[in-house]
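**Student:** quick one, structure for this:
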Amino acid sequence: MFIMTMLSFRSPKLTTRTLSLTAFLIALNVILGKLAVGSASLVKFSFGFIGTMLLGYFLGPWLGGVAKILYDLIANTILATGTQFFIGFTLTAFLSGVIAGLFLHNQKITWQRLAIYEVIQMLVTNIFFNTLWIHLLYQAPWAALLAVRIPKSLLTLPLEVILGLMILKSVARLNLSISNQNKY
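**Tutor:** The predicted structure is shown next:
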């Protein structure tokens with residue numbers, strides 16, 4: 001019962017409003033993901049996590065996952081900047097959207113919820129799957145990759161929780177719900 005109150009397993013209905021918001025959030029995610037520092041093949045810090053949080057918050061797990069697939073395809077094919085496309089990263093993107101939706105959609109945003117969300121996101125997508133894909137693509141030693149990627153993730157964790165909390169609390173105060181109908 002506790003898990004059911006902690007996670008959201010539903011996404012909003014597919015309406016014109018939902019599709020418009022999805023397109024906007026994908027575009028925002030692409031822009032924030034391109035604002036990055038570091039090497040895409042090893043360690044990169046970007047503000048894409050904000051876009052992922054917003055996708056999960058508004059779209060839930062399933063639409064959030066599909067939106068992250070679309071984001072990955074756009075960002076790494078049409079708008080690619082020197083990195084090669086690999087389907088494994090697309091799987092990771094889908095899981096990232098699902099995890100964000102499970103923890104953030106229709107939920108009260110607290111620092112504890114965001115911290116748990118970020119730790120799970122970090123462990124599943126960043127440390128496990130993305131490290132696995134980099135290992136497979138570049139034959140880099142697993143232990144050496146983890147030695148770099150774990151400290152990077154631990155350093156960015158508080159920053160992502162604090163920024164995420166500020167942004168999601170602000171969005172929650174605006175009461176921007178997909179189900180709100182225009183009353184004009």
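
**Student:** show the pLDDT at the most centrally placed residue in the chain.
**Tutor:** The centroid of the chain falls nearest to T52 when counting by CA atoms, centre = their mean (2.9 Å). We have a pLDDT of 97 for T52.

**Student:** so it makes contact with N29?
**Tutor:** Yes - in this structure T52 lies within contact range of N29 using CB atoms under 8 Å: 6.7 Å. C-beta: built from backbone N, CA, C; applies to glycine.

**Student:** in whichever helix in the chain runs longest, which residues are buried?
**Tutor:** Assignment by DSSP state H gives helix 142-174 as the longest helix of the chain. Applying a neighbour-count criterion of 16 or more other CB atoms under 10 Å, one finds 145, 149, 152-153, 156-157, 160-161, 163-165, 168 buried in helix 142-174.

**Student:** by mean pLDDT, which helix or strand of this protein comes out lowest?
**Tutor:** Within the chain, no helix or strand scores below helix 2-6, which has a mean of 58 by mean pLDDT, DSSP states H and E.

**Student:** related to what we said a few turns ago, and the residue nearest to the centre of the chain, what element?
**Tutor:** helix 48-73 (DSSP states H and E).

**Student:** pLDDT weak spots in the protein?
**Tutor:** Within the chain, the stretches with pLDDT under 70 are 1-5, 40-43, 82-83, 177-184.

**Student:** change it to 90
**Tutor:** Applying pLDDT under 90 to the chain picks out residues 1-12, 14, 33-46, 75-85, 148-149, 152, 155, 173-184.

**Student:** the closest residue to the residue nearest to the centre of the chain other than its chain neighbours: neighbour count?
**Tutor:** Excluding the flanking residues, the one nearest T52 by CB to CB, 6 or more residues apart in numbering is A100, at 5.1 Å. As a burial measure, A100 scores 31 neighbours (other CB atoms under 10 Å).

**Student:** and if you look at T81?
**Tutor:** Count around T81 with other CB under 10 Å applied: 9.

**Student:** residue contacts, the spatially closest residue to it that is not a sequence neighbour?
**Tutor:** Distances taken as CB to CB, 6+ apart place K34 nearest to T81, at 7.4 Å, with adjacent residues excluded. By CB atoms under 8 Å, 6 or more residues apart in numbering, the residues touching K34 are 46, 75, 79, 81.
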